[in-house]
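Q: Please find the sequence and the predicted model below.
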Amino acid sequence: MPTIEYNDEQVDCETGRKLRDVLLEHDLSPHTGATNLLNCNGHGTCGTCAIRLTEGPVRADQQATRLKLARHDEMETVRLACQYTVTDDIVIEQP
C-alpha cells in the first residue's frame, strides 16, 4: 500500500487511487485559497490541484497542455492531483 507524504503528514493509499481523492478524504486539500471552493471537482480542466512530486514516479501524461496554460514552473515534476494515479510511495508539495 503506497504512502503519500504531504504537509508533514503521511497517509496510506490503495494502489490505483487518484491522488486528489485521497488527499480530500484525509482533509489535505491540493487546492489553495478560493480554489478550495472554486475548482473543476477533479475533471482535469482547471489546473488548480497542481502538485509537485519531490519523491516518487513522475509519469508523462496528457496533463502537459493544461499545466502549460496554468504556467507552473518546473513542468517536469508538476502534475494535476486529480489526474495522478498513485502506484508508489510519493512525497508532494504545492508548486
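A: Looks like it came in fine. Numbering: from 1, shown residues only.
Q: drop to CA atoms for contacts and neighbour counts, all remaining ones
A: OK.
Q: Give me the sheet partners of the longest strand along the chain and which way each runs.
A: Identified as the longest strand of the chain according to DSSP state E is strand 50-55. Paired strands of strand 50-55, with direction, are strand 78-80 (antiparallel), strand 90-93 (antiparallel) (DSSP bridges).
Q: Comparing those strands, which comes out most buried?
A: The highest mean neighbour count among those, using mean count of other CA atoms under 10 Å, belongs to strand 78-80: a mean of 25.
Q: Pull the distance from that strand to the chain's centre.
A: Taking CA atoms, centre = their mean, to the nearest Å, one finds the center of strand 78-80 at 6 Å from the center of the full chain.
Q: circling back to that earlier point, dump the longest strand of the chain to CSV, restricted to CA.
A: Taking Å, rounded to 0.1, in the frame of the first residue of the first chain, the C-alpha atoms of strand 50-55 are listed here in CSV:
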residue,chain,number,x,y,z
ALA,A,50,-1.4,21.0,-9.3
ILE,A,51,1.2,19.4,-7.0
ARG,A,52,5.0,18.9,-7.3
LEU,A,53,6.4,15.5,-6.9
THR,A,54,9.6,15.7,-4.8
GLU,A,55,9.9,11.9,-4.5
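Q: Start at 272, not 1
A: Shifting the count to begin at 272 puts that one at strand 321-326.
Q: got a list of contacts for it?
A: 301-302, 338, 348-352, 360-366 (CA atoms under 8 Å, 6 or more residues apart in numbering).
Q: That'll do, ta.
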